[in-house]
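**Q** need a 3D model of the sequence below.
(one chain, ligands or ions: 1)
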Amino acid sequence: MNYSTGGAAAVQPAVHAADLSVVRGGRPVLRGLGFDVPRGQVTGLLGPSGCGKTTLMRAIVGTQAKVTGTLQVLGHPAGAPELRSRIGYVTQDPSVYDDLTVRQNLDYFAAILDPGRAAAARRRDDVARVIAEVDLTSHADALAGALSGGQRSRVSLAVALLGSPELLVLDEPTVGLDPVLRRDLWNLFHAIADRGATLLVSSHVMDEAERCHRLLLMREGAILADDTPDALSEASGSVESAFLHLVDEADAHANADDTTTAERQEQAR
Ligand SMILES: Nc1ncnc2c1ncn2[C@@H]1O[C@H](COP(=O)(O)OP(=O)(O)OP(=O)(O)O)[C@@H](O)[C@H]1O
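**A** Numbers count the residues shown, from 1 in each chain. Model prediction:
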C-alpha cells in the first residue's frame, strides 16, 4: 500500500530540527539530529527499542529536559506556550482515569482544553466526534478500567484528537492491537492528514513503514535515513532490508573509525 501526499503541504515544515541533541541520565541519547517533518503528511519514526524515539517525541512536544540545538514546531520553539492547544500527544501508556467512563474521561479533558459554560455545546460535539473517530461510540458509557488494552489506547488517542490539533505526536499507537484495528487506526491517521493535520507516528515494527508518506529511520540516537518508503525500499527490496543495510554501513564506518584511532595510538607510542 502506498499513500500519495495528503492535505495541503505548506512551505514551512511542521517540525524543523538542526543539530538537535538530548542528554538523559548523563548520557547522550540524541546526537546532532537534523530533519524536517512536512505538514499534512504521516511521518513514521521507526527504529529499534531504546534508539530514542520517545525522547525525540518528548522534545517535540516540549516535555524533555536538556535539549540543545534548534527545534522549531509549527513555527515556534518547541515547548512554547502557544503550542499547547495546537499539539496532541499520546504516550505509550494510556493516560486515562479507570474510574470514569470513556465519555467522562473525554468531558474532563475537553473542559481543561476548552473551559467555560459558553463552550459546553462545542465540547459536547467535540467529545462525540472524537469518540466516533476512534470507534468507541458503543463503549462511550463503559468504565475505562473495564476496557481492553486496545480500547484504552483508543481513549488516549481520542483525548489527543480533542480540539483538532494541527500536529499529532503518537508514540507507538498500534502496539498490541489486532490487524483489523491497526488497519482502521492507520486509515484514521490518513483521514486526519487529508484534513491538513500533521502526524508523527513512532513504531518499532518495520511493516508499518509502508503506511507512512515519509520515514525517519533511527538507530542509537541518530537518524539513518529520511525519505519516502518507496525510495528506501527501491534499492534494497523493502524498508526493513534498507534499514539493515544502513545499520551495517554505520557499523562498518564505526569499526573503520575505531581501527584508525587504534592505529594512531599505536604510531604515537
Ligand atoms: N528517564 C530516563 N533517564 C535516563 N535515561 C533514559 C530515561 N528514559 C530513557 N532513557 C534512555 O534513553 C534512551 C532512549 O530511550 P527512548 O525511550 O527514547 O527510546 P525508544 O526508541 O522510544 O524506545 P522504546 O521503543 O523501547 O520505547 C535509552 O537508552 C534509554 O535507556
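**Q** what about A78, neighbour count?
**A** Using other CB atoms under 10 Å, A78 has 22 neighbouring residues. Placement of C-beta: from N, CA and C, glycine included.
**Q** tally of neighbours for the nearest residue to it once chain neighbours are set aside?
**A** Leaving aside its chain neighbours, A78 sits nearest to L71 (4.2 Å; criterion: CB to CB, 6 or more residues apart in numbering). Neighbour count for L71, taken as other CB under 10 Å: 23.
**Q** pretty sure L71 contacts A80?
**A** No: counting by CB atoms under 8 Å, L71 does not reach A80; the two are 10.5 Å apart.
**Q** phi first, then psi, for whatever residue of the stretch 101-250 of the chain ends up closest to the ligand.
**A** For the stretch 101-250 of the chain, the nearest residue to the ligand under the criterion CB to the nearest ligand atom is H204, separated by 4.9 Å. In terms of degrees, to the nearest 10, the main-chain angles of H204 are phi -110, psi 10.
**Q** kindly report the same for D93.
**A** phi -90, psi 120.
**Q** can you map out the strands along the protein?
**A** Taking DSSP state E as the test, the strands found in the chain are 15-24, 27-37, 42-46, 67-73, 76-77, 87-90, 167-170, 198-203, 214-219, 222-227.
**Q** distance between the first one and the chain's centre?
**A** In terms of CA atoms, centre = their mean, to the nearest Å, the centre of strand 15-24 is found 15 Å from the chain centre.
**Q** tell me the bridge partners for the residue nearest to A78.
**A** A17 (DSSP bridges).
**Q** how far away is it from G34?
**A** L71 sits 11 Å away from G34 when distances are taken as CB to CB, to the nearest Å.
**Q** ok, E220 next?
**A** 16 Å.
**Q** more neighbours, those two?
**A** With neighbours defined as other CB under 10 Å, E220 and G34 compare such that E220 has more, 17 against 13.
**Q** grab the nearest non-local neighbour of the more buried one.
**A** In space, and not counting its chain neighbours, E220 is closest to C51: 5.9 Å by CB to CB, 6+ apart.
**Q** where does the stretch 151-269 of the chain dip in pLDDT?
**A** Flagging of the stretch 151-269 of the chain using pLDDT under 70 yields the residue ranges 257-263, 265, 268-269.
**Q** get me the contact residues on it for the ligand.
**A** Selection of the stretch 151-269 of the chain residues close to the ligand by CB under 6 Å from any ligand atom yields H204.
**Q** now do the helices in the stretch 151-269 of the chain.
**A** Secondary structure of the stretch 151-269 of the chain (DSSP state H, counting those that start in this stretch): helices at 179-194, 229-236, 239-268.
**Q** as TSV, these with mean neighbour count and distance to V22 would be great.
**A** Output for the helices of the stretch 151-269 of the chain, formatted as TSV (neighbours: other CB atoms under 10 Å; distance: least, CB to CB, whole Å):
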stretch	mean neighbour count	distance to V22
helix 179-194	17	26
helix 229-236	16	25
helix 239-268	12	19
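**Q** need the contact list for the residue nearest to P165 when sequence neighbours are not counted.
**A** Distances taken as CB to CB, 6+ apart place G88 nearest to P165, at 4.0 Å, with adjacent residues excluded. Going by CB atoms under 8 Å, 6 or more residues apart in numbering, G88 touches 159-163, 165, 167-169.
**Q** against the ligand, how distant is G88?
**A** From G88 across to the ligand, the span is 18 Å (CB to the nearest ligand atom, to the nearest Å).
**Q** quick revisit: quick one: the residue of the stretch 101-250 of the chain closest to the ligand and Q12, what's the gap?
**A** Going from H204 to Q12 by CB to CB gives 30 Å.
**Q** these two: which is more packed in?
**A** Neighbours were counted for H204 and for Q12 using other CB under 10 Å; H204 has more, 16 against 12.
**Q** hmm, G50 and that one touching each other?
**A** No: look at H204 against G50 with CB under 8 Å: they stay out of range, at 9.3 Å.
**Q** need the overlap of contacts for the two.
**A** With CB under 8 Å, 6+ apart, H204 and G50 have no common neighbours.
**Q** returning to what we had before: for H190, find the nearest of the strands of the chain.
**A** strand 42-46 (6.4 Å; CB to CB).
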